[in-house]
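J.: Sequence and predicted structure below; questions after.
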Amino acid sequence: MSASQASPTDWRNWAGNQSADGIEVVTPSTADEVAPLLAGAGARGRRVRPIGSSHSFTAIGRPEHVQLRLDRLDRVLHADTATGLVTVEAGIRLSALNRALDALGLAMTNLGDIDEQTLAGAISTGTHGTGARFGGLATQVRALVLALPDGSTLTCSPEENPEVFAVARVGLGALGVVTAVTLQTEPAFGLHAREGSSTLDEVLERFDEDAATTDHVEFYWFPHTRRVLTKHNTRVGLDDLAPLSRRRAWWDDDFLSNTVFGGLVGAGRRVPALVRPLARVSASALGDRAFSDVSHRVLTSPRRVRFEEMEYAVPREHGLDVVRELVRAVERSRWGIAVPVEVRVAAADDIALSTAEGRDTLYVAVHTAPGSPDRAAYFATLEAIAGDVGGRPHWGKLHGLDAADLRERYPRFEELRALRDRLDPQRVLGNDHLAHVLGP
């Protein structure tokens, strides 16, 4: 076996709130190495957790013994530009995938707001973007290959092992290790972006209409203010794009959104009394802009300011009421919340453990600076409000639910548990977090 093995090492996730010490790290060079590696670990009584970019805030990727990194599995294996079907190795980063598709004249139908995750990690945890007509990234999957703990591999699609395909697209890394993914892409397209400042009341009043008439809509509410940043992205052709100048893009997306904002968040951490006045400064700095560019450059942005996040998916018909109740709770509190609340939408899908399974969905994401003393109360408040309408937590973001709670939120929860018993009865791919959210 040519997989590289490192000396015992330590691991931290992107946010710095999850860690493991003294773990074994294995980095296979080919997909063929993965299944034998799992079988060997199982024979030794060791557990293996696959890891992508370590961007999940939960302990879903925390290894107990062996960490499996797919960094070397990052190639485009096959592309059919006529059908748009593209097969790639599962360790490819979304940023690299976007560039490769761009070179082929293709694009992902929808993306989240960052592109640092690996494809396998993004689909396995239910990563999504925004748009009332569009599902999460996993809805773009047409087939995948799983390396199993018994040393075999399994190809899954609507035609081949469909019962596994129905679950494994958002499989939490609990059924097998995804080594290859076939995606349904589409011809490359542009987006016209219109971004600007508004008031919370105005945005909530027109949100349903905006979501129905604009391809991709989201907004960011700045706690302790009534100000909102809105983003409206509409599909356009590639013939007449007007991207931001390099200087303007750096100023808005790098300097203001990362350097300056990071400084404000840092100041609030050092002097909590500054959070509320600094929130007003951040909100007042918002400026209107309009531009158009290829889709992935509009949908994704750099994120270098560290934070901790909880996101709940709630039925679309209850979504804005959840937002309003959260706003009232923040206004009644003494918290100092330095990071905006993000609101997005997605179409219903048919993936067993997708947060949008069976229902059109509105997502409410709350964030705090790392180590914020208000995080526990703030996050618990959103969890309670969302729970009243059957909210489902993002699998890669912080929440307090266990298997008993989640079984009530997901009508098809037992499908994953049954497949897990079949494909990984020894829990080679398990860890304490999966035992908590899926059961033993």
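T.: That came in fine, so what should we check first? A quick note: this is a predicted structure, and the numbers were derived from the prediction, not measured. Residues are numbered from 1 along each chain as shown.

J.: Tell me which stretches of this protein form helices.
T.: Per DSSP state H, the chain carries helices over the ranges 34-43, 94-104, 119-124, 162-168, 200-213, 246-249, 261-270, 275-284, 295-299, 316-332, 375-387, 403-409, 413-423, 432-438.

J.: could those helices be laid out in a markdown table, adding distance to residue 20?
T.: Any C-beta I mention is one placed from the backbone N, CA and C, and that applies to glycine too. Shown next, in a markdown table, are these (distance: least, Cβ to Cβ, whole Å):
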| stretch | distance to residue 20 |
| --- | --- |
| helix 34-43 | 16 |
| helix 94-104 | 24 |
| helix 119-124 | 16 |
| helix 162-168 | 25 |
| helix 200-213 | 40 |
| helix 246-249 | 37 |
| helix 261-270 | 25 |
| helix 275-284 | 32 |
| helix 295-299 | 32 |
| helix 316-332 | 33 |
| helix 375-387 | 22 |
| helix 403-409 | 22 |
| helix 413-423 | 22 |
| helix 432-438 | 11 |
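
J.: Need the winner for burial among the ones you listed.
T.: Among the helices of the chain, ranked by average contacts under mean count of other Cβ atoms under 10 Å, first place goes to helix 119-124 (a mean of 28).

J.: Contacts for that helix next, please.
T.: With contacts defined as Cβ atoms under 8 Å, 6 or more residues apart in numbering, helix 119-124 is touched by 50-53, 55-56, 61, 70, 88, 90-94, 97, 112, 127, 136-138, 141, 169-173, 177-179, 181, 395-396.

J.: Leaving aside the residues adjacent along the chain, what's closest to residue 416?
T.: residue 167 (5.1 Å; Cβ to Cβ, 6 or more residues apart in numbering).

J.: contacting residues around the one you found?
T.: Residue 167 neighbours (Cβ under 8 Å, 6+ apart): 175, 351, 352, 353, 412, 415, 416, 419.

J.: Give me the number of neighbouring residues for the closest residue to residue 144 other than its chain neighbours.
T.: Distance criterion Cβ to Cβ, 6+ apart; nearest residue to residue 144, sequence neighbours excluded, is residue 181 at 5.0 Å. For residue 181, the neighbour count with other Cβ atoms under 10 Å is 26.

J.: Do you know the pLDDT at residue 181?
T.: Looking at residue 181, its pLDDT is 98.

J.: swap in residue 155?
T.: Each residue has a pLDDT score; the one for residue 155 is 98.

J.: Residue 149 versus that one, what's the distance?
T.: Counting by Cβ to Cβ, to the nearest Å, the separation of residue 155 from residue 149 is 17 Å.

J.: just to revisit the earlier point, quick check: which of the helices of the chain is nearest to residue 79?
T.: Counting by Cβ to Cβ, residue 79 lies closest to helix 94-104 out of those; the figure is 5.4 Å.

J.: Point out the other helices and strands that the closest one packs with.
T.: On a contact count with 3 or more Cβ pairs under 8 Å, 6 or more residues apart in numbering; DSSP states H and E, helix 94-104 meets strand 76-80, strand 85-89, helix 119-124, helix 295-299.

J.: Swap in 10 Å and give it another go.
T.: Using 3 or more Cβ pairs under 10 Å, 6 or more residues apart in numbering; DSSP states H and E, the elements in contact with helix 94-104 are strand 76-80, strand 85-89, strand 106-107, helix 119-124, strand 177-184, strand 289-294, helix 295-299.

J.: In terms of secondary structure, what does the second one contact?
T.: It refers to strand 85-89. Packing contacts for strand 85-89, counted by 3+ Cβ pairs under 10 Å, 6+ apart, involve strand 76-80, helix 94-104, helix 119-124, strand 141-147, strand 177-184.

J.: try 8 Å
T.: Other elements packing on strand 85-89 under the criterion 3+ Cβ pairs under 8 Å, 6+ apart are strand 76-80, helix 94-104, strand 177-184.

J.: Tell me the pLDDT of residue 370.
T.: Value listed for residue 370 in the pLDDT field: 86.

J.: Surely it touches residue 309?
T.: No: using Cβ atoms under 8 Å, residue 370 is not in contact with residue 309, being 10.6 Å away.

J.: Looking at the two, which one has more neighbours?
T.: Ranked by neighbour count (other Cβ under 10 Å), residue 370 and residue 309 place residue 309 first, with 18 against 13.

J.: residues in contact with that one?
T.: Listed by Cβ under 8 Å, 6+ apart, the contact partners of residue 309 are 15, 57, 365, 366, 367, 397, 398.

J.: Among these, which one has the most neighbours?
T.: Compared across the contacts of residue 309, residue 366 has the highest neighbour count, 27 neighbours, by other Cβ under 10 Å.

J.: how far away is that one from residue 381?
T.: On the measure of Cβ to Cβ, residue 366 and residue 381 end up 9 Å apart.

J.: sorry, back to before: let me have the contacts of residue 167 in JSON lines, adding distance to residue 336 as columns.
T.: Below are the contacts of residue 167 laid out as JSON lines (distance: Cβ to Cβ, whole Å):
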{"residue": "175", "distance to residue 336": "41"}
{"residue": "351", "distance to residue 336": "38"}
{"residue": "352", "distance to residue 336": "39"}
{"residue": "353", "distance to residue 336": "35"}
{"residue": "412", "distance to residue 336": "40"}
{"residue": "415", "distance to residue 336": "42"}
{"residue": "416", "distance to residue 336": "39"}
{"residue": "419", "distance to residue 336": "44"}
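
J.: Farthest-apart pair in the residues you listed, please.
T.: 175 and 412 (14.0 Å).

J.: Between residue 155 and residue 149, tell me which one has more neighbours.
T.: Neighbour totals were compared for residue 155 and residue 149, and residue 149 leads with 25 against 15 (other Cβ under 10 Å).
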